[in-house]
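[1] I would like to see how this sequence folds:
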Amino acid sequence: MLSVKWTIDGLPEETQQLLRAYVKDVTQAYASQLEGVLLYGSAVRGEFLPGRSNLNLLLFVSSYDVAVLKKYNGIHKRWSKEQVVVPLFLTRADLQSAAFAFPLEYLDIHECHRLLWGQDPFVGFKVDSHHLAGEVLQSLRGNLLRVRQRLVEGGCTEEAMTILMPLSITALLPVLRGVQRLSGRSVLSHGEPLLKDSEAHLGIDLTGLRDALLLKRGQISPGHKEVPRLMDRYLESLGQLVIAVEQRLGQR
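    Numbering: from 1, shown residues only. Now for the predicted structure:
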């Protein structure tokens, strides 16, 4: 397979150079066992924040037995320091079943990714969205339950809250795109327009979610007394969102 030369608009050149070095390491480690390297997430959507955002990758391999997975150990030790999270490992054989089980995630990857090396298995591929509504509902309710649980586990401290809100809103954005798909609306990539569209479509106030997005981006720095109030607004908005989506999809 030939190397792919690429440039990703909006991504800092330093990060692109880092990705090229990463691809070189991965291809050398896996050789003929590697079929493709794909980048997805904020780095492709134009919302990458240096020093804050992770780099999400997907490796297509010929197999993933223990020996193949173990090859990644050395790569992970080096690249985890550069915010490269452990990639998804998939073979062509299980792509269809994985997309069937997790349509929310794979629709997001399918519609917004960049090929960094090898062959793109998503060309001509169709994600089965038959179970999309079920995964959207499960993900929304699960997000709310996990936030409550982890808040208690963290002692309801301001530190726990400032960690939880960015994590929760990050997981919510793909779910909101799933709601847009189910509603036949245009699927928006960026977080702020996505939240505004969801507010208008569902008729609810998502101020708490927008605040969490600003917190994630480092655009606000709430003080000691403001963090609990921010958390309360977040939980209120998240609760409204869960109920509104459950009611809307329940009418389908």
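[2] count the residues that sit near residue 7.
    8 (other Cβ atoms under 10 Å). The C-beta positions use only the backbone N, C-alpha and C, and glycine is treated the same way.
[3] phi and psi next, for it.
    With angles defined as degrees, to the nearest 10, residue 7 sits at phi -140, psi 130.
[4] just to check, it is in contact with residue 15?
    No: in this structure, residue 7 is not within contact of residue 15 by Cβ atoms under 8 Å, at 11.6 Å.
[5] host element of the nearest residue to residue 162 once chain neighbours are set aside?
    Sequence neighbours aside, residue 227 is the residue nearest to residue 162 in space, at 6.1 Å (criterion: Cβ to Cβ, 6 or more residues apart in numbering). Using DSSP states H and E, residue 227 sits within helix 226-250.
[6] ok, the residue nearest to residue 162 to residue 210 distance?
    As judged by Cβ to Cβ, to the nearest Å, residue 227 and residue 210 stand 16 Å apart.
[7] centre of the chain to the helix or strand of the chain at the bottom of the mean pLDDT ranking, how far?
    In the chain, no helix or strand scores lower on mean pLDDT, DSSP states H and E than helix 92-101, which sits at a mean of 90. Remark: helix 92-101 is offset 18 Å from the chain centroid, using Cα atoms, centre = their mean, to the nearest Å.
[8] residues in contact with it?
    35, 60, 90, 106, 110, 121, 125, 127-128, 130-131 (Cβ atoms under 8 Å, 6 or more residues apart in numbering).
[9] so how many other residues sit close to the closest residue to residue 248 other than its chain neighbours?
    The shortest distance from residue 248 to any non-neighbouring residue, by Cβ to Cβ, 6+ apart, is to residue 202 (6.7 Å). Residue 202 has 19 neighbours, counted by other Cβ under 10 Å.
[10] same check, this time on residue 213
    Counted with other Cβ under 10 Å, residue 213 comes out at 24.
[11] now the strands for the stretch 101-250 of the chain?
    With DSSP state E, counting those that start in this stretch, the ranges of strands along the stretch 101-250 of the chain come out as 113-118.
[12] contacts only, for residue 150.
    With Cβ under 8 Å, 6+ apart, residue 150 has these contacts: 160, 164.
[13] the same query, at a cut-off of 7 Å, please.
    Contact analysis of residue 150 by Cβ atoms under 7 Å, 6 or more residues apart in numbering lists residue 164.
[14] one more: residue 49?
    residue 217.
[15] need the three-state assignment for it.
    Classification of residue 49 using DSSP: H, G, I helix; E, B strand; the rest coil returns coil.
[16] just the pLDDT for it.
    For residue 49, the pLDDT comes out at 92.
[17] roughly how far does it sit from residue 166?
    11 Å.
[18] all helices of the protein, in order?
    Under the criterion DSSP state H, the chain contains helices at 13-30, 42-45, 66-70, 72-79, 92-101, 103-111, 132-153, 158-183, 191-202, 207-217, 226-250.
[19] okay, the ones you listed in JSON lines with distance to residue 53 next?
    Below are the helices of the chain laid out as JSON lines (distance: least, Cβ to Cβ, whole Å):
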{"stretch": "helix 13-30", "distance to residue 53": "9"}
{"stretch": "helix 42-45", "distance to residue 53": "5"}
{"stretch": "helix 66-70", "distance to residue 53": "25"}
{"stretch": "helix 72-79", "distance to residue 53": "15"}
{"stretch": "helix 92-101", "distance to residue 53": "24"}
{"stretch": "helix 103-111", "distance to residue 53": "15"}
{"stretch": "helix 132-153", "distance to residue 53": "20"}
{"stretch": "helix 158-183", "distance to residue 53": "9"}
{"stretch": "helix 191-202", "distance to residue 53": "12"}
{"stretch": "helix 207-217", "distance to residue 53": "9"}
{"stretch": "helix 226-250", "distance to residue 53": "20"}
